[in-house]
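J.: 3D, please:
(one chain, ligands or ions: 1)
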Amino acid sequence: MKPIYVIGHKHPDIDSIAASIAYKVFKQSTEKELYLVAAAGELNSELKWLLDYLGLEHPRVLNDVGTKVGDLLDDELPLYISADTTMAELGNIMRKNGLKTVPVLDEKQRFLGLITIGDVAMIYMDALGSGRDIERSPEILKNLLEQKAGDIMKTRDLILFEPDEKVEEARKNMLASRFRNYPVVDDENRYLGMISRYNLLQMKRKQVILVDHNEKKQAVDGIEEADILEIIDHHRVGDLQTLYPIYFHNEPVGSTSTLIAEKFLLNQVYLSTNIASLLLSGIMSDTMIFKSPTTTAKDKRIVQELERISGLEAFTWGKKLYSETNRVDKQTDEALISEDLKEYVSGDTTFAISQVETVDLSIFAERRVLLLQTMEAMCERKGYALLCLMVTNIFEDGTEMIVAGRKKALVEKAFKHEHLHGGIFLHGVLSRKKQVVPVIYQMLRQENMM
Ligand SMILES: [Mn+2]
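T.: Coordinates of the predicted model:
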């Protein structure tokens, strides 16, 4: 059975993975289809920690949902013969199954060669010759029928495909050759089946359910080649299009996990402790423990239900989640600065802003000197006029700003700040996009006018 992938956005965060895993469980409990969770990129260390902690399997990473050769293969186990199959047996198998091409495999299902009906006909004709040997034909035929598949199979000049090759590439290769069927083998040369030109005509697209996004640039690569069956999201409506009407649930709540949890509750579908804990994590991280202005009454109501099922206290769990998943002390300075770094250009000035979240600013106070050295070195290397590290603490409702680069004085001037733990503390500043980037652009423009 071809799977239906439940997949979140690129650069997976807790909400998108939690929503994918839980929605797969929900769908599987009510539908006969096969559902698989996929991640549109590698899991970050906080997600790995969370899934391990809850005893949940890591989803497979799927970087492209475009149609691949593997999607064209039939579900049923393909027919094959072994190298010691005789011509007599081969004839029976081909006739009985109406085959025109038969693969020859070893005992481990590895591909050895191919026999086509044309090759077989040619062997008979060659052996029987021009008919002058008509007297000896029973003997010739007997010898022929005893020949082994391994001796007559074609092993050279074949075109083989691998399951993860793009269908477009396969099509070009097929058009440039004259074969009827093409074997598909995996990277250990194990035979998976046969594809033909006919398969190209009835292209089987991958089927996907998108959660936590609905914009093409956030979606996994190849999305335009896939069939989107459903979308569940809490963002603005983007630009993805579908061929058919689909189930599209978009609601301005704090997290997609809220919407998935609601489905379990409304439909009275069994919600296990670890899935409830996972959904609770999705809500608490996306709403920044209810601090984010996107938080709604529904998020809080659903959280109460999830607290009951998971046995977790939401606020305590949210704090633990933040402290466990932001174990910044384990990262090197450069890794910490680079993890969520965005670059910007204003005229001929390039600057960069990085953001990390923490529940404990004092950890950074200890590292500030070394962080600054690393940041200055990064400015040199990458040509940043300015590199800001936002260390955001949602409990203190603000951000400590660490600034490097030759234009650093501008930042200190631009923000009204207080000094905390010896650093620059910006009270009420949580958002890079809304509260920091515009200020720096404005500042650079003013500087240019002077
Ligand atoms: Mn989300």
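
J.: quick one: the helices in the stretch 351-450 of the chain?
T.: 361-382, 408-414, 437-449 (DSSP state H, counting those that start in this stretch).

J.: who's in contact with residue 416?
T.: With contacts taken as Cβ atoms under 8 Å, 6 or more residues apart in numbering, residue 416 has the following neighbours: residue 426. Where C-beta positions appear, they are placed from N, C-alpha and C, glycine not excepted.

J.: Against the ion, how distant is it?
T.: 31 Å (Cβ to the ion, to the nearest Å).

J.: So that residue versus residue 337, what's the distance?
T.: Distance, residue 416 to residue 337, by Cβ to Cβ, to the nearest Å: 25 Å.

J.: Show me where the stretch 351-450 of the chain dips below the pLDDT cut-off.
T.: The model of the stretch 351-450 of the chain has pLDDT under 70 over residues 359, 418-422, 450.

J.: what do you get for the stretch 201-350 of the chain?
T.: 325-330.

J.: again, only using 90
T.: 201-205, 215-218, 235-241, 243, 288, 291-294, 319-333, 335-336, 338-348 (pLDDT under 90).

J.: Report all helices and strands that the one helix or strand residue 139 maps to contacts.
T.: Element membership of residue 139, judged by DSSP states H and E, is helix 137-146. Helix 137-146 sits against helix 87-97, helix 117-128, with contacts defined as 3 or more Cβ pairs under 8 Å, 6 or more residues apart in numbering; DSSP states H and E.

J.: how about residue 228, secondary structure?
T.: Using DSSP: H, G, I helix; E, B strand; the rest coil, the structure places residue 228 in strand.

J.: Any idea how many residues pack against the closest residue to it other than its chain neighbours?
T.: Using Cβ to Cβ, 6 or more residues apart in numbering and skipping residues adjacent in sequence, the residue nearest residue 228 is residue 242, 5.1 Å away. Number of residues near residue 242 (other Cβ atoms under 10 Å) recorded here: 12.

J.: Ok, residue 174 next?
T.: Neighbour tally, residue 174, other Cβ under 10 Å: 19.

J.: Give me the pLDDT for the residue lying closest to it once chain neighbours are set aside.
T.: Nearest non-adjacent residue to residue 174, counting by Cβ to Cβ, 6+ apart: residue 197, 5.9 Å away. At residue 197, the pLDDT value in this model is 83.

J.: I'd like to know which of the helices of the stretch 351-450 of the chain is closest to the ion.
T.: helix 437-449 (20.8 Å; Cβ to the ion).

J.: still on that earlier bit, will you turn the helices of the stretch 351-450 of the chain into CSV that also has mean neighbour count and distance to residue 58?
T.: Formatted as CSV, the helices of the stretch 351-450 of the chain follow (neighbours: other Cβ atoms under 10 Å; distance: least, Cβ to Cβ, whole Å):
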stretch, mean neighbour count, distance to residue 58
helix 361-382, 15, 28
helix 408-414, 16, 39
helix 437-449, 14, 33
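
J.: Out of the ones you listed, flag the one nearest residue 59.
T.: Minimum separation from residue 59 across the helices of the stretch 351-450 of the chain (Cβ to Cβ) falls at helix 361-382, 30.5 Å.

J.: Point out the other elements, helices or strands, that that closest one touches.
T.: Going by 3+ Cβ pairs under 8 Å, 6+ apart, helix 361-382 lies up against helix 333-338, strand 349-358, strand 386-393, strand 398-404, strand 423-427.

J.: As CSV, the ones you listed with mean neighbour count would be great.
T.: Formatted as CSV, the helices and strands packed on helix 361-382 follow (neighbours: other Cβ atoms under 10 Å):
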stretch, mean neighbour count
helix 333-338, 16
strand 349-358, 20
strand 386-393, 24
strand 398-404, 23
strand 423-427, 17
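
J.: so which of these comes closest to the ion?
T.: Using Cβ to the ion, the nearest of the helices and strands packed on helix 361-382 to the ion is strand 349-358, at 15.3 Å.

J.: Tell me which residues are up against the closest one.
T.: Contacts of strand 349-358 (Cβ under 8 Å, 6+ apart): 322, 326, 328, 336-344, 364, 378, 382-394, 405, 407, 432, 436-437, 440, 444.

J.: how many degrees apart are it and helix 437-449 in direction?
T.: Angle of strand 349-358 versus helix 437-449, following axes from the mean of the first three to the mean of the last three Cα atoms, to 10 degrees, is 150 degrees.

J.: Run through the strands of the stretch 51-200 of the chain in chain order.
T.: Counting by DSSP state E, counting those that start in this stretch, the stretch 51-200 of the chain has strands at residues 60-61, 81-82, 101-105, 111-116, 181-185, 191-196.

J.: could I get stretch 48-61 in CSV with only the CA atoms?
T.: Taking Å, rounded to 0.1, in the frame of the first residue of the first chain, the C-alpha atoms of stretch 48-61 are listed here in CSV:
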residue,chain,number,x,y,z
LYS,A,48,15.6,14.6,19.5
TRP,A,49,15.7,15.1,23.2
LEU,A,50,11.9,15.5,23.5
LEU,A,51,11.1,12.5,21.4
ASP,A,52,13.6,10.3,23.3
TYR,A,53,12.3,11.6,26.6
LEU,A,54,8.7,10.7,25.7
GLY,A,55,9.8,7.3,24.2
LEU,A,56,8.6,8.2,20.7
GLU,A,57,10.2,7.1,17.4
HIS,A,58,12.0,9.8,15.4
PRO,A,59,10.2,10.4,12.1
ARG,A,60,12.0,9.7,8.9
VAL,A,61,13.5,12.7,7.1
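
J.: mind listing what's buried in that stretch?
T.: By neighbour count with 16 or more other Cβ atoms under 10 Å, stretch 48-61 contains the buried residues 50, 51, 53, 54, 56, 59.

J.: Quick one: name the residues of this protein near the ion.
T.: Residues of the chain lying near the ion by Cβ under 5 Å from the ion: 15, 212, 255, 256, 286.

J.: count of neighbours near the last one?
T.: Using other Cβ under 10 Å, residue 286 has 26 neighbouring residues.
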